[in-house]
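**Student:** Fold the following and give me the result.
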Amino acid sequence: MITKLNSTQPYFQDKLSNLLAWESIANTEVSDTVDAIIANVKAHGDTALIDYSIKFDGVNASSMKDLTISIKTLKHAFDNLDDKTKTALQVAANRVRLYHQRQKQDSWTYTEADGTMLGQKITPLDRVGLYVPGGKATYPSSVLMNAIPAKVAGVKELIMVVPTPNGIVNPLVLAAAHLSGVDSVYTIGGAQAVAALAYGTQTLSKVDKIVGPGNIYVATAKRAVFGQVGIDMIAGPSEILIICDGKTNPDWIAMDLFSQAEHDEDAQSILLCPDADFINQVEASIAKLLPTMDRKNIIAKALKNRGALIQTKDINEAITICNRVAPEHLELSVEYPKDILNDIKHAGAIFMGRNTCEALGDYCAGPNHVLPTSGTARFSSPLGVYDFQKKSSLIMVSDQGANTLGEIAATLADSEGLPAHAHSARYRIK
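**Tutor:** Numbering: from 1, shown residues only. Here you go, the predicted model:
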């Protein structure tokens, strides 16, 4: 059902490489389709969006008004939630907002002895597009995680696009949009929605950045428009890696592995543990609990295709392997997680202690659940307020500074063979 490995086995590193291998989006047929859709939206704007919504989503639309959800409708969706769900959504939103408020960066300056002032100006993006998957499998938590940091950053206009296949609208998604301060919502999806956000149409304004998850067509479209606009990331399948000392309830570990495996068949769930008996217990828990899962077929395929229970020599070796994997989600299910935290170099989010299951991070802990995947935690960070702010350098040179810096700049410009640069600097020397 799930691969079992031992770090002392011959060719273990090769086996680990094969387990981790993931082919990112590189489908020529999909790319050709996406390129044609983008070109059509650029050329025909709203008309193309209406045509694609009819063709792909089966909606009845004759104008963009039919593909627009009012702010009043968002509030209505929130007001009509049952009390328990409404409270849960509010608490989650508040926790996400409180956490991300601590990430906000401010402008700064300092003045040198000669009076020259240097610094950095922090400015929020003007307009951001948020893509939200549509239909039955919709995720209000993704709305909170993408929209709230943008609003904390000070983004003036947040445009949400969400497809509604066959007219299916998820009220929780609309309620989350209301709580997050989304400014406008259009029921469009796919590559056409990405193109509309990137280039603008008669109705939609061009945005500065596009964030949010989507299928292969959405991911391919985001890659295609990158440079025209910013994007958050090209996300791969969800991942969890658990380092355990063998003293956690094995049922807990099995369910934590399931929590990512149930996303899709390509998700990856890995356990690293030095205790062989405990690994056998987790394997038994998997066999016991899997039949009780609603999404057992997806979980089973994910565990078989990309899951692993790996016995290591000790916790230190588990940490070494973890740093090689650079997982999206890392659980440190050990007695004293703080003692090994400094040894963890690469992970999108780190869940510390036996009580801290990854699922809490998905919904309500506070930190963002939009995380780097496929080893990109080696150089990438979780989505945050900083993704919706940009920086401008500030330079104001004093009279004395113009003399000192002017000669330095002119000398270096001469050495590079750029005389206009040198003259420009020397003109300011008194």
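**Student:** Let me see the confidence value for Asp79.
**Tutor:** You'll see Asp79 listed with a pLDDT of 97.
**Student:** What separation is there between it and Ala88?
**Tutor:** When distance is defined by C-beta to C-beta, to the nearest Å, Asp79 is 15 Å away from Ala88. (Each C-beta comes from the backbone N, C-alpha and C, glycine too.)
**Student:** higher neighbour count, those two?
**Tutor:** Set Asp79 next to Ala88 and count neighbours by other C-beta atoms under 10 Å: Ala88 wins out with 15 against 10.
**Student:** Excluding chain neighbours, what is closest to the most centrally placed residue in the chain?
**Tutor:** Nearest to the geometric centre of the chain sits Val370, at 3.0 Å (C-alpha atoms, centre = their mean). If the residues on either side of it in the chain are set aside, Val370 comes closest to Leu383, at 3.6 Å by C-beta to C-beta, 6 or more residues apart in numbering.
**Student:** so the one you found sits right up against Asp232, yeah?
**Tutor:** Yes. Checked against C-beta atoms under 8 Å, the pair Leu383 and Asp232 is within contact range at 5.7 Å.
**Student:** which residues are common contacts for these two?
**Tutor:** Contact with both Leu383 and Asp232 is made by residues 146, 211, 370, according to C-beta atoms under 8 Å, 6 or more residues apart in numbering.
**Student:** isn't there a helix covering the first one?
**Tutor:** If I follow you right, that is Asn146. Yes. Using DSSP: H, G, I helix; E, B strand; the rest coil, the secondary structure at Asn146 is a helix.
**Student:** Start at 7, not 1
**Tutor:** New numbering, starting at 7: the last item is Asn152.
**Student:** That one and Leu55, how far apart?
**Tutor:** Remark: distance between Asn152 and Leu55 (C-beta to C-beta) = 21 Å.
**Student:** Repeat that for the last one.
**Tutor:** From Val376 across to Leu55, the span is 26 Å (C-beta to C-beta).
**Student:** what's the closest of the shared contacts of Leu389 and Asp238 to Ile285?
**Tutor:** The shortest gap between Ile285 and any of the shared contacts of Leu389 and Asp238 belongs to Val376, at 31.3 Å (C-beta to C-beta).
**Student:** Find me the pLDDT at that closest one, would you?
**Tutor:** In the predicted model, Val376 carries a pLDDT score of 96.
**Student:** Sticking with it, tell me its helix or strand.
**Tutor:** Using DSSP states H and E, Val376 maps to neither a helix nor a strand.
**Student:** residues touching it, list them.
**Tutor:** By C-beta under 8 Å, 6+ apart, the contact set of Val376 is 148, 151-152, 217, 219, 238-239, 241, 388-389.
**Student:** The lengthiest helix in the chain: how far from the chain's middle?
**Tutor:** Here the longest helix in the chain is taken by residue count, with DSSP state H as the criterion, and it is helix 89-107. Shown here is helix 89-107, whose average C-alpha point lies 19 Å from the average C-alpha point of the whole chain (C-alpha atoms, centre = their mean, to the nearest Å).
**Student:** Good, we can wrap up now.
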